[in-house]
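Novice: my questions are about this predicted structure, shown below with the sequence.
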Amino acid sequence: MNSRRSIFAFAVVFFAMLPAVLAEKPNLIFILADDLGYGDLGCFGQNKIQTPELDRMAAEGMKLTDFYAGSTVCAPSRCVLMTGQHTGRCWVRGNSRNTDAQTLREKDVTVAEVLKQAGYATALMGKWGLGELGSTGHPNRQGFDAFFGYLNQRHAHNFYPEFLVRNHERVPLKNVSDPEWIALKKEKNYPDDGAGWATPEGRLEYSHDLIVTEAMKWLDQQAGASEPFFLYIALTIPHANNEGTRGTGDGQEVPGYGIYAEKDWPDPDKGQAAMITRMDGDVGRILAKLRDQGIGENTLVMFSSDNGHHKEGGNDPEFFDANGPLRGMKRDLTEGGIRVPTIAWWPGKIAPGSDSGHPASFADFMATACDLAGQPVPEEATSVSFLPTLLGKESEQKKKDYLYWEFYERGSKQAVRFGDWKAIRRPIFTGEIELFNLAEDIGEENNVAAENPEIVATAKAFMEKGHEPNPNWQPPKKR
C-alpha cells in the first residue's frame with residue numbers, strides 16, 4: 001500500500017471512532033447523464049422535450065441552479081467527480097489517446113474507495129472512461145465491488161455494441177457491426193475497443209437499457225442488506241455515436257422515436273428528444289424502486305450531467321434551446337459548457353420544491369459523501385461538502401474561495417468562479433483575462449475586465465493557485 005493510502009486508511013479508523021454525523025449512514029446514488037444541456041429538462045426551462053419524471057424529482061427535491069461539472073468533456077469531468085480534485089490538480093485533465101493520461105493511478109483515492117472503507121457496498125453501472133482492463137484505473141481496482149458497462153469512451157459511443165464489460169470480462173451481445181465499419185476499422189488499423197455502429201437489422205440489444213436493468217437488479221440485491229450502498233449510474237445518453245454519425249449521418253441512436261415519431265422534425269432531433277425522454281423514464285423507475293423498497297427516506301439521489309450540451313450526431317441544440325440562457329456548449333469553459341442541470345432528492349431530508357444557488361461542483365461530491373458517511377476527506381481533494389445546503393442549513397454552509405477549471409483542447413483555456421464573478425483566460429496562462437458578473441450577465445456577453453482591474457488581479461491569482469503541473473497536460477508552447 002502506498003503512503004497516501006496508508007495515511008488515508010489510518011484516518012478512516014480514527015474518524016470511525018468519532019460520533020456519526022447522521023444516526024444512520026444513508027445510501028447514495030449518483031445518476032450521471034452524458035452531454036445533457038442546462039436547458040434540456042422541463043424543470044430547467046425546456047418546452048419541447050418531455051421530462052415528467054425528472055420534473056417530479058425536482059418538485060420533490062432540490063434544484064441546484066449553480067452546480068458545475070468537473071470539466072467540459074467526459075473523462076476529466078468523471079475524474080473530478082471520482083477524486084474530488086479539480087482539473088488543476090487531478091490526473092486526467094482531458095480526453096486523450098495517451099493511455100497514461102486517461103488512467104487513474106493506484107495512489108488516486110476515489111469516492112468509491114472512501115465509502116467502501118466506511119462499510120458501503122459499491123457499484124458502477126455504465127460508462128467509466130478512467131481505466132481499461134488490467135489497468136490501475138479499472139473500477140474494481142478503484143473501489144467498486146461491481147461493474148457493468150463500458151470502460152472505453154469510444155466504445156461508449158456505440159449504443160449497439162458487440163460486447164459490454166462485467167468486472168474483468170467481456171460480455172458478448174447479439175448486436176451485429178456494420179460491414180462498412182469492419183472494413184474501415186481494418187483499413188485504419190483501429191483498436192479493438194468496441195467502437196463503431198451496427199447494421200439496422202443488427203440493432204438487437206440497446207446498451208442503455210441493459211445498463212439500467214443491471215442497476216435495478218443490483219438495487220434488488222441490496223434490499224434488506226445491513227450495509228449502506230453507493231451506486232454510480234453513468235448513463236451514455238444523450239451522447240451521440242460519433243463514429244456512427246460518419247457512417248449513417250445520424251448519431252442519435254435510440255430504439256424508437258416514441259412520442260416524437262410524428263413530429264415534423266429532422267430525425268436526429270427526434271432521436272435526441274427520444275433519448276432524453278427515455279432516460280427520464282428510467283430515472284423515474286429507479287426512484288419508484290426506492291419508494292417500493294421503503295428506502296427512499298434513507299437514500300440521497302443526485303442527478304447531473306458530465307458537461308454541457310453537444311452539437312454532435314446531427315442534432316441541433318439551438319432547436320431545443322439546449323443551453324437555456326447560457327453561452328457556449330461542450331468543450332467551452334463558458335457557462336454553457338460546464339454549468340449543468342442538477343437535482344438532489346432525499347425525502348424527509350431535502351425540502352420539496354426547493355432550489356439553491358450555492359456554487360458547487362463535481363469536486364465537492366467527495367466531501368459531501370464523506371460528510372454523509374462520517375469519513376475524513378482525502379488530503380488531496382479540493383472539495384467542500386454541500387450537505388448543509390441540501391439539508392436547508394445555509395448558515396452552516398462553508399463557501400469555497402473559488403471554483404477552478406483548465407482545459408487543453410482548442411488552444412487551451414482556464415476559468416475560475418468566485419462569488420458572482422467568472423473569469424476566463426484563453427490560452428491558458430498567457431491570454432487576456434475576460435471577466436463577467438454572472439448575477440447581471442449569466443450569458444457572459446459583457447466583458448467587464450477593463451472596469452475591474454482589482455477583480456481581474458484576484459482572478460489571475462486564483463488561476464495561478466489552482467494549477468499544478470501535470471506531465472501529460474502541458475500549455476501550448478510560446479511562439
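Specialist: Noted; the coordinates are in hand. The structure displayed is predicted, hence computed values, not measured ones. Numbers count the residues shown, from 1 in each chain.
Novice: only C-alpha atoms from now on, for both contacts and neighbour counts.
Specialist: Noted.
Novice: can you give me the pLDDT of the nearest residue to Arg141 once chain neighbours are set aside?
Specialist: In space, and not counting its chain neighbours, Arg141 is closest to Glu106: 7.9 Å by C-alpha to C-alpha, 6 or more residues apart in numbering. Glu106 is assigned 98 on the pLDDT scale.
Novice: spell out the secondary structure type for Ala274.
Specialist: helix (DSSP: H, G, I helix; E, B strand; the rest coil).
Novice: okay but it is in contact with Glu253, surely?
Specialist: No. Counting by C-alpha atoms under 8 Å, Ala274 does not reach Glu253; the two are 9.5 Å apart.
Novice: so how many other residues sit close to Phe148?
Specialist: Using other C-alpha atoms under 10 Å, Phe148 is surrounded by 25 other residues.
Novice: gap between it and Trp218?
Specialist: Per C-alpha to C-alpha, to the nearest Å, Phe148 is found 10 Å from Trp218.
Novice: same check on Thr334?
Specialist: Thr334 sits at a distance of 38 Å from Trp218 (criterion: C-alpha to C-alpha).
Novice: the two: which has the busier surroundings?
Specialist: Using other C-alpha under 10 Å as the criterion, Thr334 and Trp218 rank with Thr334 on top: 23 against 17.
Novice: who's in contact with Glu253?
Specialist: Applying C-alpha atoms under 8 Å, 6 or more residues apart in numbering to Glu253 gives the contacts Phe159, Ala240, Asn241, Gly271.
Novice: need the residues you listed in CSV (columns: distance to Glu444, neighbour count and secondary structure).
Specialist: Below are those laid out as CSV (distance: C-alpha to C-alpha, whole Å; neighbours: other C-alpha atoms under 10 Å; DSSP: H, G, I helix; E, B strand; the rest coil):
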residue, distance to Glu444, neighbour count, secondary structure
Phe159, 35, 29, coil
Ala240, 27, 29, coil
Asn241, 30, 27, coil
Gly271, 30, 28, helix
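Novice: quick check, nearest of those residues to Asp441?
Specialist: Checking the contacts of Glu253 against Asp441 with C-alpha to C-alpha, the nearest one is Ala240 at 30.7 Å.
Novice: what residues does that closest one make contact with?
Specialist: His157, Gly251, Gln252, Glu253, Glu312, Gly313.
Novice: quick one: the strands in the stretch 201-350 of the chain, in order.
Specialist: 229-234, 299-305, 342-345 (DSSP state E, counting those that start in this stretch).
Novice: isn't Thr199 up against Asp178?
Specialist: Yes. Using C-alpha under 8 Å, Thr199 makes contact with Asp178 at a distance of 4.6 Å.
Novice: before we move on, which element is Glu464 in?
Specialist: Using DSSP states H and E, Glu464 sits in helix 453-466.
Novice: for that helix, packing partners?
Specialist: Here helix 453-466 touches strand 403-407, strand 413-418, strand 432-437, going by 3 or more C-alpha pairs under 8 Å, 6 or more residues apart in numbering; DSSP states H and E.
Novice: deepest of these, which one?
Specialist: Highest mean neighbour count of the helices and strands packed on helix 453-466: strand 403-407, a mean of 26 (counted as mean count of other C-alpha atoms under 10 Å).
Novice: ranges for the helices of the stretch 201-350 of the chain?
Specialist: Under the criterion DSSP state H, counting those that start in this stretch, the stretch 201-350 of the chain contains helices at 207-222, 242-248, 267-292, 317-320, 335-338.
Novice: just those: most buried one?
Specialist: Most buried among those, counting by mean count of other C-alpha under 10 Å: helix 335-338, with a mean of 28.
Novice: how far does that helix sit from the chain's center?
Specialist: Distance of helix 335-338 from the chain centroid (C-alpha atoms, centre = their mean, to the nearest Å) equals 13 Å.
Novice: neighbouring contacts of it?
Specialist: By C-alpha under 8 Å, 6+ apart, the residues outside helix 335-338 that reach it are 37-38, 68-72, 307-309, 323, 326-332, 442-444.
Novice: and for Pro471, the neighbour number?
Specialist: Pro471, neighbours per other C-alpha under 10 Å, totals 7.
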